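# Quick one, structure for this:
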Amino acid sequence: MKEKVVLVGVEWDVIDLIESIHFIDLIGILESTYPNECYDINYLGSDENWEELKAKYPGLKAVLPIDSPKIRARLLKYYGEEALMTLVSPECYISSRATVGFGTIVQRGVKIMARASIGNCCKINVNATVHHESFIGHFCTLAPGAQVLGRVIVGNSVYIGAGAVIKQKCRIGDGAIIGAGAVVVDDIPPHVTVVGVPAKEIQRKIPLSTPSA
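Residues are numbered from 1 along each chain as shown. From the prediction side, this is the model:
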C-alpha cells in the first residue's frame, strides 16, 4: 500500500522526485502564497486545511520542500515532527556510515559520504556533496552543486548557495548564508552573509532566536 503525502509549497524538482518513488502517493499540494502555480497537481488549500486532510487520510505525511531554513523551522512547529516524511532519492548515494535526520529531503545525484551527519528538516539539492566526517545542523539548505568538504561543521539554519565550496575543517555559524559560487576558506561567524572567491562578509544580522529541532 502506498504512503500518502502532501507537499507543502510548490517545488517541481521535489514533485518529480516523489512521482519517481513507487511507494509514495502524492495526493496534492498545500500552498498559501502561489496556489495558481500548482497547475496539474491537485490543489488542497493552505496550511489551515492540514487537520481536515489528516482526518480524511489517516497516517498522512507532509514533505517540506521550501528552500528557506526559517520557513521550514516554522512549518515544523505547525505540522509536528511525527507528520514529516524523510524523502530520499533512489538516485543518490548515502554511505552506510552516514546519518540523515527526520524530515530531510535528499535529491538526485547527492553524495553523502562516510561518517557525515545531516540534521533534521534539511534540504540537500541536486548534485550537492557532503564529504566525510562533516556535520550539517538542522534546517540547513544546500543548493544544487554545493560542496561541503571533509570535517566541516555547519550550524543550524545555514543556506549554502549553488556551486559554493566549503573548504575542509571550516566552521559555519548558525544562520549564515553562503552565496552561490563562493569558496569558503575560513570559519564564518553566525548570521553572516558571504560571497566571492575567497568568500568575504557583506552583511551581518542579529537574530531574535535560533530555531532548534
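# any low-confidence regions in the protein?
Residue ranges of the chain with pLDDT under 70: 206-213.
# show me the biggest helix of it in terms of residues.
Ranked by residue count and defined by DSSP state H, the top helix of the chain is helix 69-79.
# in that helix, what's buried?
Across helix 69-79, burial judged by 16 or more other CB atoms under 10 Å covers 69, 72-76, 79. C-beta here means a position set from N, CA and C on the backbone, and glycine is covered the same way.
# Please list all residues in contact with the residue nearest to the spatial centre of the chain.
Residue closest to the average C-alpha location in the chain (CA atoms, centre = their mean): Lys123, at 1.5 Å. Shown in contact with Lys123 (CB atoms under 8 Å, 6 or more residues apart in numbering): 64-67, 72, 104-105, 140-142.
# now the longest helix of the chain: how far from the chain's centre is it?
Helix 69-79 sits 11 Å away from the centroid of its parent chain (CA atoms, centre = their mean, to the nearest Å).
# May I have that helix as PDB, with CA atoms only?
This file holds the C-alpha atoms of helix 69-79, laid out as PDB (Å, rounded to 0.1, in the frame of the first residue of the first chain):
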ATOM      1  CA  PRO A  69      15.600  27.400   6.600                       C
ATOM      2  CA  LYS A  70      13.500  29.900   8.600                       C
ATOM      3  CA  ILE A  71      10.200  28.800   6.900                       C
ATOM      4  CA  ARG A  72      11.000  25.100   7.300                       C
ATOM      5  CA  ALA A  73      11.600  25.700  11.000                       C
ATOM      6  CA  ARG A  74       8.200  27.400  11.400                       C
ATOM      7  CA  LEU A  75       6.400  24.700   9.400                       C
ATOM      8  CA  LEU A  76       7.900  22.000  11.600                       C
ATOM      9  CA  LYS A  77       6.200  23.600  14.600                       C
ATOM     10  CA  TYR A  78       2.900  23.800  12.800                       C
ATOM     11  CA  TYR A  79       2.900  20.200  11.300                       C
END
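# Return the list of helices and strands in contact with it.
Contact partners of helix 69-79 among helices and strands, from 3 or more CB pairs under 8 Å, 6 or more residues apart in numbering; DSSP states H and E: none.
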